[in-house]
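**Student:** quick one, fold the following:
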Amino acid sequence: MPSGRTHDSITLWGLLPVTGCAYLVSQKPTVTLLLAGGYLFGGLMFGPDLDTHSCQYRRWGALRWIWLPYRRAMRHRSQWSHGLLIGTVGRLFYLLSLVGSSTLVGLLLWEIVLWIGDRPSHTTAIAQKILEISLRGFSDSVQTYPGEWLGAFLGLELGAMSHSLSDWIVSMVKRRQRSKRR
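**Tutor:** Numbering: from 1, shown residues only. Take a look at the predicted model:
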């Protein structure tokens with residue numbers, strides 16, 4: 001397999017062609033910037049190797065603990081972590097679920113604090129309002145800026161694909177070399 005340093009080099013060398021193609025296709029600087037940023041983030045921090053103790057995992061620094069359940073749940077190089085589209089969608093779903101769960105736990109703890117202090121609680125109503133506003137804002141944003149959202153997602157996917165494709169190519173070459181030696 002290519003090393004973490006090789007994967008990083010592939011990502012960095014691919015940035016210019018990916019950015020150029022994005023601008024040629026979209027003709028929009030914002031879409032191009034979001035795609036290029038997503039590509040870098042997807043290749044350097046949000047890629048398939050978050051299922052191991054990798055460079056990508058270590059780059060999360062103090063927040064890398066959030067990937068421990070993901071690492072334990074994923075078999076390295078499985079379709080669920082390294083698969084095209086499904087890997088990126090799975091990581092996005094995991095991260096969004098984690099943020100949502102953490103928010104719910106925080107609200108529950110706040111509710112307990114209010115209950116212990118015998119104070120009236122409006123946490124449920126506030127949480128519902130926040131959720132409603134957030135979902136409406138997200139929906140409006142996707143409808144207003146579909147190209148930007150698509151660009152950001154495609155950037156994440158292209159960054160992850162550069163990683164997975166290099167793994168697959170190296171594996172294929174090694175298998176062919178082994179079969180020729182036999």
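
**Student:** report the buried residues of the least confident helix or strand in the chain by mean pLDDT.
**Tutor:** None of the helices or strands of the chain scores lower by mean pLDDT, DSSP states H and E than helix 79-82, at a mean of 80. Using 16 or more other Cβ atoms under 10 Å as the test for burial, helix 79-82 gives 80-82. C-betas here are computed from N, CA, C, even on glycine.

**Student:** now it, how far from the centre of its chain.
**Tutor:** The chain centre lies 13 Å from the centre of helix 79-82; the measure is Cα atoms, centre = their mean, to the nearest Å.

**Student:** can you lay out the buried residues of helix 79-82 as CSV showing distance to residue 142?
**Tutor:** Output for the buried residues of helix 79-82, formatted as CSV (distance: Cβ to Cβ, whole Å):
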residue, distance to residue 142
80, 25
81, 26
82, 27
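
**Student:** residue 90: which of those is nearest?
**Tutor:** residue 80 (5.6 Å; Cβ to Cβ).

**Student:** surely the closest one is in contact with residue 74?
**Tutor:** Yes - using Cβ atoms under 8 Å, residue 80 and residue 74 qualify as a contacting pair, with a distance of 5.9 Å.

**Student:** just the mean pLDDT for the helix ranked longest in the chain, thanks.
**Tutor:** Ranked by residue count and defined by DSSP state H, the top helix of the chain is helix 146-181. The average pLDDT within helix 146-181 is 87.

**Student:** mind listing what's buried in it?
**Tutor:** Neighbour-count burial for helix 146-181, counted by 16+ other Cβ under 10 Å, picks out 148-149, 151-164, 166-167.

**Student:** what residue ranges in this structure score low on pLDDT?
**Tutor:** For the chain, the stretches with pLDDT under 70 are 1-2, 120.

**Student:** where do the strands of it begin and end?
**Tutor:** With DSSP state E, there are no strands along the chain.

**Student:** please pick out the residue of the chain most distant from its centre.
**Tutor:** Distance from the C-alpha centroid of the chain, by Cα atoms, centre = their mean, peaks at residue 118 (41.4 Å).

**Student:** quick check: that one vs residue 130, distance?
**Tutor:** The gap separating residue 118 from residue 130 is 24 Å, by Cβ to Cβ, to the nearest Å.

**Student:** ok now do the nearest residue to residue 92 once chain neighbours are set aside, which residues does it touch?
**Tutor:** Among residues not flanking residue 92 along the chain, residue 156 sits closest, at 7.5 Å (Cβ to Cβ, 6 or more residues apart in numbering). Residues in contact with residue 156 (Cβ atoms under 8 Å, 6 or more residues apart in numbering) are 38-39, 41-42, 46, 88, 92.

**Student:** since that was my last question, I'll sign off now.
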